[in-house]
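Build the 3D model from these lines:
(one chain, ligands or ions: 2)
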Amino acid sequence: MISVDAYRAIVTDLIGHASITAVPLAEAAGLVLARDVPAGVALPPFDNSAMDGYAVRAADVAGAPVTLPVADDIPAGRVDVAPLEPGTAHRIMTGAPLPPGADAVVMVEKTDGGTTDVRIDHRATAGDHVRRTGEDVRKGTVALHAGTVLGHSQLGLAAAVGLAEVVVYRPLSVLVVSTGTELVTAPDPLRYGQIYESNSVMLAAALRGLGCRVQVVRSVVDDVEEFRKIVEPKLAESDLLVTSGGVSAGAYEVVKDALTAHGVEFRKIAMQPGGPQGCGRWNGVPVVTLPGNPVSVLVSFEAFLRPALLAAMGHTALERRQVRARLTEDMPSPEGRRQYRRGFYTQADGEVTGIVGPRGGPGSHLLAAFTQANCLIVLPEEVTSAAEGAEVDVLLL
Ligand SMILES: Nc1nc2c(c(=O)[nH]1)N[C@H]1C(S)=C(S)[C@@H](COP(=O)(O)OP(=O)(O)OC[C@H]3O[C@@H](n4cnc5c(N)ncnc54)[C@H](O)[C@@H]3O)O[C@H]1N2
Ligand code: MOO
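Ligands and ions are numbered 1, 2, ... in the order given. Sure, this is the predicted structure:
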C-alpha cells in the first residue's frame, strides 16, 4: 500500500501541465490567466458624468438658485462634445463625456429639468458627480495578473479594457468511461441485478466544474476487447482518461485486465474509501482508473484528481479549506488507512471551533448521505477510533 500523499504526487506528476492558448472571453470562465492583461485603455477612458443632469462650472452655480441657458445636449456615446462656455449649462446623461470647461454635474433632481434654460437649486463643488479618467484602472498598468482565476468580474474587466480573447492554461479534455456489465442508463428499464449508471454523471459534472472539457462513455461492458475497441480510438483526442470500476480483485476487472500490460499500474492506497486505484499512460495518454463505488469515485476525485487537474490548469489554490472541528459522536476508523467520512460541519456564532458529525456510514455505496454532507471528516492513518468531543480535521466542500 502507498500513502494518499504519495499517490497524489504520482497522479499530479502524471497529468502534468496544460499548454497555453488564447480563447474568446465567452469560453474563458473558470480558466486561469497565463499572461498578464495590460490595460490598453484607461477606465474610465474619459472624464464623464456619473448622473443624469447638467454639466456646469461650479463657480457659475455658487449663488444657487441660478438660471443658466442650456447650450447643448450630451447623451452617452456622443463624441463631438462642444466646450462649455462660462455662464451656460449642458444637459448631460450618465456616462456621457464631460465637456471641456465643465467641472461638475448637478443631478436633474436638483433642477427644474429645463431644456432651454435650467434653474439650478443647489450649489455644486468642483468634481461633483464627475468620474475621472483612469480612476478605476490607469492605462498601461496590469489590469489582471497571470495566475488570476477568471470569474465573472475578471472577465468583465478584461472586456472593459478592450480584450476579445485572453491567454489561459488550456482546459484539459477528459474522457470519462464507466465500466460494468450491470450498468444501465435511463430511460432503459432496470432488471434484477442491474443498476443505473451514476459515476460518469458525477465525474463529468465535477470535472466541468474545474474547467475541463469532458467527453463521456456512459457504460462499457466487462469485456476487455470491447473496452479497448470503444475507448482506444477516443484516446487521441483526450488529455486524460478517467475510468470507473473494474480495478479491484475480482475475476472480471475489465480496466485492470485491459490496461495492466499497457502502461497502467494498479495498487492499493492507504485510504478508505478509494483503496484500489490505477494510473499510468496508455498510448502516451495519462490514465487514472478509479474504483467503481460512487463514494469512492467522489473521494478519489477530491484526494487526487481535483488537486492534480487544478495544478495542471494553472491554479495555485489546490486545497479545500481545512478546519478543525469537534466530533458529535464516536467514530471508528480502519488502522493504517486515512479515512474520509462524509460529514456535516457547523460553526456557531462566536465559536472558534465548529462541530462535525458524520452523514451516513463509511460504506462507499452510500451516495445519498454524500448529498447531505458539506465536508469530509479526515481520520488519519494511525487513528483507529475518534471519541465524541475529539478535534478532527475537516475539509469543507
Ligand atoms: N476481494 C476484494 N474485493 C473488493 C476489494 C478488495 O480489495 N478485495 N475492494 C473493494 C473496494 S474497497 C472497492 S471500492 C471495490 C472497487 O471495485 P471495482 O473498481 O472493481 O469496481 P466494480 O466492482 O466495478 O464496482 C464496485 C461497485 O460500484 C458499482 N458501480 C460501478 N460503476 C458504477 C457506475 N458507473 N455507476 C454506479 N455504480 C457503479 C458496482 O455496481 C459495484 O457495486 O471493490 C471492492 N471489492
Ligand atoms: O476503498 Mo473502496 O473504495 O470503498 O470502498
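
what residues are up against the residue in the chain positioned nearest to ligand 1?
Across the chain, the shortest distance to ligand 1 (Cβ to the nearest ligand atom) belongs to residue 292, at 2.5 Å. In short, each C-beta sits where N, CA and C put it, glycine included. The contact partners of residue 292, taken as Cβ atoms under 8 Å, 6 or more residues apart in numbering, are 178, 179, 180, 199, 244, 245, 246, 247.

let's go with 10 Å and repeat that
For residue 292, the contacting residues are 178-180, 182-183, 199, 243-248, 253, 255, 276, 364-365, taking Cβ atoms under 10 Å, 6 or more residues apart in numbering as the criterion.

contacts with ligand 2 among those, please.
Under the cut-off given by Cβ under 6 Å from any ligand atom, ligand 2 has residue 364 from the contacts of residue 292 close to it.

Give me the buried subset of the contacts of residue 292.
The neighbour-count criterion (16 or more other Cβ atoms under 10 Å) marks 178-180, 183, 199, 243-248, 253, 255, 276, 364 among the contacts of residue 292 as buried.

right, and the pair among those with maximum separation?
Taking every pair in the buried ones among the contacts of residue 292 and measuring Cβ to Cβ, the maximum separation is 18.1 Å, between 183 and 276.

where along the stretch 1-150 of the chain do the helices fall?
In order along the chain, the stretch 1-150 of the chain carries the following helices (DSSP state H, counting those that start in this stretch): 4-15.

Among the buried ones among the contacts of residue 292, which ones are in helices?
Using DSSP state H, the members of the buried ones among the contacts of residue 292 that fall in helices are 199, 255.

Among the buried ones among the contacts of residue 292, find me the one that's closest to residue 351.
The shortest gap between residue 351 and any of the buried ones among the contacts of residue 292 belongs to residue 364, at 32.0 Å (Cβ to Cβ).

about what we covered before: does the residue of the chain closest to ligand 1 sit in a helix, a strand or a coil?
Residue 292 falls in the coil class when you classify it by DSSP: H, G, I helix; E, B strand; the rest coil.

can you list the weak-confidence ranges in the stretch 201-350 of the chain?
Flagging of the stretch 201-350 of the chain using pLDDT under 70 yields an empty set of residue ranges.

Can you tell me which residues in it are near ligand 2?
For the stretch 201-350 of the chain, the residues found near ligand 2 under the criterion Cβ under 6 Å from any ligand atom are 272, 273, 274, 275, 291, 293, 296.

got CSV for the residues you listed, with distance to residue 160 too?
Formatted as CSV, the entries for those read as follows, by distance: Cβ to Cβ, whole Å:
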residue, distance to residue 160
272, 49
273, 46
274, 44
275, 50
291, 47
293, 47
296, 45
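
which residues in the stretch 101-250 of the chain form strands?
Counting by DSSP state E, counting those that start in this stretch, residue ranges of the strands within the stretch 101-250 of the chain are 104-107, 117-120, 130-131, 142-144, 165-169, 173-179, 183-184, 195-196, 213-220, 240-244.

if you compare those, which one is most tucked away?
Counting by mean count of other Cβ atoms under 10 Å, strand 240-244 has the highest mean neighbour count of the strands of the stretch 101-250 of the chain, with a mean of 27.

Give me every residue in the protein lying close to ligand 1.
Proximity of the chain to ligand 1 is assessed by Cβ under 6 Å from any ligand atom, with 178, 180, 182-183, 195, 197-200, 244-249, 253, 273, 275-276, 291-294, 296, 364 identified as the residues in range.

again, only using 5 Å
Taking Cβ under 5 Å from any ligand atom as the test, the list of the chain residues beside ligand 1 reads 178, 180, 197-199, 245-249, 275, 291-293, 296.

per-residue confidence averaged over stretch 31-51?
Stretch 31-51 carries an average pLDDT of 97.

er, stretch 166-186 actually
Averaging pLDDT along stretch 166-186 gives 97.

Identify, from the residues of the chain next to ligand 1, the entry nearest to residue 67.
The nearest one, if we look at the residues of the chain next to ligand 1 relative to residue 67 and count by Cβ to Cβ, is residue 198, at 73.8 Å.

what's the burial count for the closest residue to that closest one other than its chain neighbours?
Taking Cβ to Cβ, 6 or more residues apart in numbering as the measure, residue 198 lies nearest to residue 294, with 5.8 Å between them; neighbours along the chain are not counted. The burial count assigned to residue 294 is 22, neighbours taken as other Cβ atoms under 10 Å.

Residue 294 is in contact with residue 274, isn't it?
No: using Cβ atoms under 10 Å, residue 294 and residue 274 do not qualify as a contacting pair, with a distance of 11.3 Å.

intersection of neighbour lists for those two?
Common contacts of residue 294 and residue 274, defined by Cβ under 10 Å, 6+ apart, comprise residue 364.

which SS class is residue 260?
Classification of residue 260 into helix, strand or coil gives helix, according to three-state DSSP.

Quickly find the element holding the residue lying closest to it once chain neighbours are set aside.
Residue nearest to residue 260 in three dimensions, not counting chain neighbours: residue 266, with 6.6 Å by Cβ to Cβ, 6+ apart. The secondary structure element spanning residue 266 is strand 264-268 (assigned by DSSP states H and E).

Just list the residues touching residue 26, thanks.
155, 159, 164, 165.

which of those lies closest to residue 329?
Checking the contacts of residue 26 against residue 329 by Cβ to Cβ gives residue 155 as the nearest, at 44.8 Å.

Return the residues in contact with the closest one.
Listed by Cβ under 10 Å, 6+ apart, the contact partners of residue 155 are 25, 26, 28, 29, 30, 31, 144, 163, 166.

What's the local residue count around the fourth one?
When neighbours are defined as other Cβ under 10 Å, residue 29 has 14 of them.
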